[in-house]
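Undergrad: build the 3D model from these lines:
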Amino acid sequence: MRMRSCSWVASILLLFAFSTSTWAVKYSDVLLLGQVAEPQSLDPQVATAANDSRILVNIYEGLVRNGDGSLSLEPSLAQSWTVSDDGKIYTFKLRENVKFHDGSDFNAQAVKFTFERMLDSTHPYYHTGPFPLSFFFSAIDKIETPNNQTVVFQLKEPFAPFLSNLATPAGLIVSPSAVKQYDKNFSRHPSGTGPFKFTEWIANQRVVVAANENYWDTRPSLNYVVFRPITDANTRIAEILSGGIDAMVEVPADNVPLFAGDKRFRLYEATGPHVWYGMLNTSLPPFDDVRVRQAVNFAVNKDNIVKYILQGSADVSEGPIPSAFDWAFDEETTAYPYDPEKARALIKAAGAEGQKIVFYVTEGGSGMLDPIPMATAIQADLKAVGLVVEIQTFEWNTYLSKVNSGLQQAHMAEMAWMTNDPDTLPFLTLHSGSWPDKGGFNSGYYSNKELDALLDKARVSNDLAERAQLYRQVQKIVHRDAPWLFVANWKQNAVASERISHFKLQPNFNLLLKDVRKD
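TA: Now for the predicted structure:
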């Protein structure tokens, strides 16, 4: 009871602190959510991190969305759609009488504006980018709007992941009026059609969203959600134990048993398509030699990382396509075994003994698990086989800016991805057309023409069985070439106060808060 009382007082003080007007708000109307980092952007076409997406999907909506608890697709702002027999024309019928938070109309022209802004370099608001995930929609040739409630996408060629990509945060529809009003500052003044509307963003303190009273579907149960960036894991734990926050995502593995055994809290766990890996810079020695890249995979004891650092909250990774995509996963490709003797032999054969490795490591971030302890374990294992690893740590958004631009000064970097299609991760991070200077995330400069051809073919096939067979070949090639240190697939988690109900983790790692209640 004492905890609840303190939490109530803290929340009321917080609400008055971040408002210049008097709010008649009850504690039960507000959800205080602890996140792992400061958002990068609240522009859905600019943001790339799941940390940002958890906010974005409550402010904005797309034409389609993943079903609750599923990676299947269902209508959202589009009531229905059809696909031409040749797989090149997608026609969407839109919902009527939907408004953006700024009061402007949602219509076909808003959809056209959203996608052309990030795809057309001559668009008057293209400069509000960069749009790092515009790759998702590069197959679009032309967008037509026969009327206010109809949008037609004509593709250059069949593109199998198109609908899945529309369901990602990069496919969320923005208000053209707001973009025109705020220009490059739109990310600080977001306007969508979602169940919550943006209220304020105080850097390193909070992002606040309020219930959208004019939402086209049922109104949210909560009046406000406060997203608090709390980078330090121990601080997040202290905050939820003291009542300073109601819920937190990405519970450190060491603390999972604490909440599992405490009746004041509910622990949530769910599997999803997550990959945590060490990106290897194939453009610099020693990782320009496949023998050294394979050696790193033999040298690191992934089982120990999963068992002792991650406390069983993840599985050892086999490659770039996680087993959550069971239809595309290659069961014949198994994880590299821990074999330090083989690693030493490969390193010696490559003449790489004593090579210095600069390893970029983040202090924390979305999906990054326990990045510093994991890096330290990797450093020790590589030292044992003859590689000298220097760890350089950075704050999350600084880290992203250094890594996403390409590993020009580093040999190795941590990274984690959560995706909703098996195409996304290998294409954006391993295809030679996805090097950073081409707008992708292949920051290790890996290149394999055979792999490129497989990924290109999988994208244009509408035959699921054929796509599955192609992705299994992708898995085999990447495993052999070892452009990454394959480490772990995380089982996502969160914890919330017992007062919170209808809280649920989604397979795509988003949080849908419209139906969440607080007693």
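Undergrad: quick one, what contacts Phe427?
TA: Phe427 makes contact with 135, 434, 455, 459, according to C-beta atoms under 8 Å, 6 or more residues apart in numbering. Every residue, glycine included, has its C-beta placed from N, CA and C.
Undergrad: buried ones in the one helix or strand Asn304 maps to?
TA: In the assignment (DSSP states H and E), Asn304 maps to helix 302-304. For helix 302-304, the neighbour count (16 or more other C-beta atoms under 10 Å) marks Lys302 as buried.
Undergrad: direction included, what does the longest strand anywhere in the chain pair up with?
TA: Criterion DSSP state E: the longest strand present in the chain is strand 484-497. Partners of strand 484-497 in the sheet, by DSSP bridges, are strand 247-249 (antiparallel), strand 265-271 (antiparallel), strand 274-280 (antiparallel), strand 314-316 (antiparallel).
Undergrad: of those, which approaches Asp423 most closely?
TA: Smallest distance to Asp423 across the strands paired with strand 484-497 (C-beta to C-beta): 13.5 Å, for strand 274-280.
Undergrad: ok, residues contacting the closest one?
TA: For strand 274-280, the external contacting residues (C-beta under 8 Å, 6+ apart) are 287, 293, 296, 314, 317, 320, 322, 324, 359, 367-369, 374, 378, 403, 407, 411-418, 425, 429, 443-444, 482-490, 492, 509.
Undergrad: redo the contacts of Phe427 as JSON lines? Include pLDDT, distance to Gly129 and neighbour count.
TA: JSON lines is the format used below for the contacts of Phe427 (pLDDT from 0 to 100; distance: C-beta to C-beta, whole Å; neighbours: other C-beta atoms under 10 Å):
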{"residue": "Phe135", "pLDDT": "81", "distance to Gly129": "13", "neighbour count": "20"}
{"residue": "Ser434", "pLDDT": "94", "distance to Gly129": "17", "neighbour count": "20"}
{"residue": "Leu455", "pLDDT": "96", "distance to Gly129": "24", "neighbour count": "23"}
{"residue": "Arg459", "pLDDT": "90", "distance to Gly129": "23", "neighbour count": "20"}
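Undergrad: I'd like those residues as TSV, with secondary structure appended.
TA: As requested, the contacts of Phe427 are exported to TSV (DSSP: H, G, I helix; E, B strand; the rest coil):
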residue	secondary structure
Phe135	helix
Ser434	helix
Leu455	helix
Arg459	helix
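Undergrad: OK, contacts around Trp201?
TA: Counting by C-beta under 8 Å, 6+ apart, Trp201 touches 39, 42, 188, 207-208.
Undergrad: least confident pick among these?
TA: Among the contacts of Trp201, Pro39 has the lowest pLDDT, at 92.
Undergrad: could you pull up the contacting residues of that residue?
TA: If you count contacts by C-beta under 8 Å, 6+ apart, Pro39 has them with 47, 49, 51-52, 55, 201, 207, 227, 229.
Undergrad: residue ranges with poor pLDDT in this structure?
TA: 1-27 (pLDDT under 70).
Undergrad: now tabulate the contacts of Phe427 in JSON lines and tack on distance to Gly192.
TA: Output for the contacts of Phe427, formatted as JSON lines (distance: C-beta to C-beta, whole Å):
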{"residue": "Phe135", "distance to Gly192": "22"}
{"residue": "Ser434", "distance to Gly192": "28"}
{"residue": "Leu455", "distance to Gly192": "32"}
{"residue": "Arg459", "distance to Gly192": "28"}
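Undergrad: count the residues that sit near the closest residue to Pro229 other than its chain neighbours.
TA: Distances taken as C-beta to C-beta, 6 or more residues apart in numbering place Glu38 nearest to Pro229, at 4.3 Å, with adjacent residues excluded. Neighbour count for Glu38, taken as other C-beta atoms under 10 Å: 21.
Undergrad: you'd agree Glu38 is up against Trp396?
TA: Yes - using C-beta atoms under 8 Å, Glu38 makes contact with Trp396 at a distance of 7.4 Å.
Undergrad: what touches both of the two?
TA: Counting by C-beta under 8 Å, 6+ apart, the common neighbours of Glu38 and Trp396 are Thr231.
Undergrad: which of the contacts of strand 274-280 are buried?
TA: Neighbour counting with 16+ other C-beta under 10 Å marks 287, 293, 296, 314, 317, 320, 322, 324, 359, 367-369, 374, 378, 403, 407, 411-418, 425, 429, 443-444, 482-490, 492, 509 as buried within the contacts of strand 274-280.
Undergrad: nearest to Lys93, of the strands paired with strand 484-497?
TA: Of all those, strand 265-271 comes closest under C-beta to C-beta, at 32.4 Å.
Undergrad: got the CA positions of the closest one in PDB?
TA: C-alpha atoms of strand 265-271 as PDB (Å, rounded to 0.1, in the frame of the first residue of the first chain):
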ATOM      1  CA  PHE A 265       4.200  -7.800 -10.800                       C
ATOM      2  CA  ARG A 266       3.400  -9.700 -13.900                       C
ATOM      3  CA  LEU A 267       6.200 -11.000 -16.100                       C
ATOM      4  CA  TYR A 268       5.600 -11.200 -19.900                       C
ATOM      5  CA  GLU A 269       7.700 -13.300 -22.200                       C
ATOM      6  CA  ALA A 270       7.300 -14.000 -25.900                       C
ATOM      7  CA  THR A 271       9.300 -15.400 -28.800                       C
END
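Undergrad: pull the residues that contact that strand.
TA: Against strand 265-271 from outside (C-beta under 8 Å, 6+ apart): 240, 251, 256, 259-260, 313, 324, 491-498, 500, 503-507.
Undergrad: now do the buried residues in that strand.
TA: 265-268.
Undergrad: farthest-separated two in those residues?
TA: Maximum pairwise distance in those, criterion C-beta to C-beta, is 10.0 Å, between Phe265 and Tyr268.
Undergrad: give me the contacts around stretch 385-395.
TA: Stretch 385-395 is contacted by residues 231, 286, 295-296, 299, 340, 343-344, 347-348, 352-363, 372, 375-376, 378-379, 382-383, 402, 410, 412 when judged by C-beta under 8 Å, 6+ apart.
Undergrad: now do stretch 369-384
TA: Contacts of stretch 369-384 with the rest of the structure, by C-beta under 8 Å, 6+ apart, involve 233, 250, 252-253, 276, 278, 296, 299-301, 304-305, 309-310, 313-314, 340, 357, 359, 361-365, 389, 391, 393, 414, 416, 485, 487-488, 490.
Undergrad: same thing with stretch 139-154?
TA: Contact with stretch 139-154 is made by 63, 78, 88-96, 105, 107-109, 111-112, 115-116, 119, 155-157, 159, 162, 459, as judged by C-beta under 8 Å, 6+ apart.
Undergrad: among those residues, name the ones in strands.
TA: Counting by DSSP E, the part of the contacts of stretch 139-154 found in strands is 78, 89-94, 155.
Undergrad: dump those into a markdown table; add distance to Gly171 as well.
TA: As requested, the ones in strands among the contacts of stretch 139-154 are exported to a markdown table (distance: C-beta to C-beta, whole Å):
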| residue | distance to Gly171 |
| --- | --- |
| Ala78 | 11 |
| Ile89 | 18 |
| Tyr90 | 12 |
| Thr91 | 16 |
| Phe92 | 12 |
| Lys93 | 17 |
| Leu94 | 14 |
| Leu155 | 15 |
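Undergrad: let's have these in TSV, adding neighbour count and distance to Lys518.
TA: What follows is the ones in strands among the contacts of stretch 139-154, written out as TSV (neighbours: other C-beta atoms under 10 Å; distance: C-beta to C-beta, whole Å):
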residue	neighbour count	distance to Lys518
Ala78	24	32
Ile89	16	45
Tyr90	21	39
Thr91	17	41
Phe92	21	36
Lys93	16	36
Leu94	24	33
Leu155	21	44
